[in-house]
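K.L.:
Got a predicted structure here, sequence first:
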Amino acid sequence: MTRPTIREIRINPIVPSESVLISTARGMRPRKDEQPITRDTRKHVETCPFCRGNESKTPPTITAFPSEQAWEIRIVENLFPVLGDEDKGTGLNFGLQQVIDGYGRHEVIIDHYQHGIAVHEMSESHLQHLFGVYRQRMEALYASDDRLRYVLIFKNFGPAAGASIPHTHSQIIAMPVVPENVINELEYSRQYYRKHHQCIFCSLIDEALTFEATIYDRQSGEIRRKINVGQYVIERGKRFVAIKPFASRFEWEVHILPLTHHSDFLTVSEEDRADLARIMKRTMTRLESVIGDAQYNFFLHTIPRDGGYEDCRPSYHWQLEICPRTSIPTGFELGSGLFVSTISPEDAAAKLRAVELD
Ligand SMILES: [Zn+2]
Ligand SMILES: [Zn+2]
Ligand SMILES: [Zn+2]
């Protein structure tokens, strides 16, 4: 099915200060696939510090599952932490040069003992376990120090997504500040809640699952536009839903959210994690099948621990945002702050949904 060329700026419904340009006309940007950087798919690499048997080449193990010897998931300190706990920051502010000490923790989760395994190749039970490890580390880090205000969990997969070590891994950065992206989501969703007494994320999920509309021309009565918001749903499980955002920044971006209202990733239960693992695996399989050799960043946005956001529990909804990297930002994007998408989110969602899974 071919659709007419779209050229429109879409406002992010959650954070209205963010917008994307959907321009399906060719030539908006050079395609990354002209110079593919392939990822390392080997199972075991003798010289890799993250492969089993090379434990002495990394900083000491923080924890390992199921055991230190036969580990499947292992957590270590980052060798080159972007934030550390030496607490030797200058803390000096001068005029417009405001500084916050780079205090924090930076840990690496070696997601799987197999070197080049991709998320869609991991078993559901392994993923369920991995999400459990994320939760456990988040809790432990918050408990370790009162100054930590946000624990960010993310993964860079593949060289196109900035992964510097090819062995599959995620990272955890515990920071003394709440990241601006999260603050924006918290603030805007709180505003929406004050007006509408509804969580905006829940409203979006409701729309995605039920809403259909036809807009008729007032004079001629002809159909001007059919809106089938259900077209944004990629996967729906018992407890989670995977959605293609209407104003996606990245062409193949997909968000996974709990179907019922939950602001805090720390409250996910074992049953939640089982369904999350299933939805994650299915979503990643779809992405792999459509884009091929998918390289991506994903990250978790959840309510920060205290620090002025306790009242956001009814208005904020945690999400896992998956952002596949299929192109490199251009000067236009950096200069304008507008992300450009050359495929419409509706088409992208249709392609992802069309993948047949067993
Ligand atoms: Zn390795
Ligand atoms: Zn909600
Ligand atoms: Zn978010």
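P.N.:
Looks like it came in fine. Residues are numbered from 1 along each chain as shown. Ligands and ions are numbered 1, 2, ... in the order given.

K.L.:
Quick check: Thr63 vs ligand 2, distance?
P.N.:
Distance of Thr63 to ligand 2, computed by Cβ to the ion, to the nearest Å: 31 Å. From N, CA and C alone the C-beta is placed, and that goes for glycine too.

K.L.:
now Tyr232
P.N.:
Distance of Tyr232 to ligand 2, computed by Cβ to the ion: 16 Å.

K.L.:
got the phi/psi numbers for whatever residue of the stretch 51-200 of the chain ends up closest to ligand 2?
P.N.:
The stretch 51-200 of the chain approaches ligand 2 most closely through Cys199 (3.0 Å), counting by Cβ to the ion. Cys199 adopts backbone torsions of phi -70, psi 130, taken as degrees, to the nearest 10.

K.L.:
and what of Leu266?
P.N.:
phi -60, psi -20.

K.L.:
Count the neighbours of it for me.
P.N.:
Neighbour count for Leu266, taken as other Cβ atoms under 10 Å: 17.

K.L.:
just for the chain, where's the confidence low?
P.N.:
Within the chain, the segments meeting pLDDT under 70 span 1-3, 26-36, 85-101, 211, 229.

K.L.:
who in it is up against ligand 2?
P.N.:
199, 201-202, 261, 317 (Cβ under 5 Å from the ion).

K.L.:
quick one: which of those sit in strands?
P.N.:
If you go by DSSP state E, the residues of the chain next to ligand 2 have nothing in strands.

K.L.:
Out of these, the closest to ligand 1 would be?
P.N.:
His317 (35.4 Å).

K.L.:
Let me see the contact set for the spatially closest residue to Leu204 that is not a sequence neighbour.
P.N.:
Take Leu204 and drop its neighbours on the chain: the residue closest to it by Cβ to Cβ, 6 or more residues apart in numbering is Pro13, 6.5 Å away. Taking Cβ atoms under 8 Å, 6 or more residues apart in numbering as the criterion, Pro13 is in contact with 200, 204, 246-247.

K.L.:
Would you mark the buried spots in stretch 134-152?
P.N.:
For stretch 134-152, burial by neighbour count (16 or more other Cβ atoms under 10 Å) applies to 134-135, 137-138, 140-142, 148-152.

K.L.:
Could I get the contacting residues of the residue of the stretch 51-200 of the chain closest to ligand 2?
P.N.:
Taking Cβ under 8 Å, 6+ apart as the test, what Cys199 contacts is 189, 192-193, 261, 314-317.

K.L.:
of those residues, closest to ligand 1?
P.N.:
After measuring the contacts of Cys199 against ligand 1 - Cβ to the ion - the closest member comes out as His317, at 35.4 Å.

K.L.:
name the element the residue lying closest to Leu152 once chain neighbours are set aside belongs to?
P.N.:
Nearest residue to Leu152, sequence neighbours excluded (Cβ to Cβ, 6+ apart): Ile173, at 4.9 Å. Assigned by DSSP states H and E, Ile173 belongs to strand 169-175.
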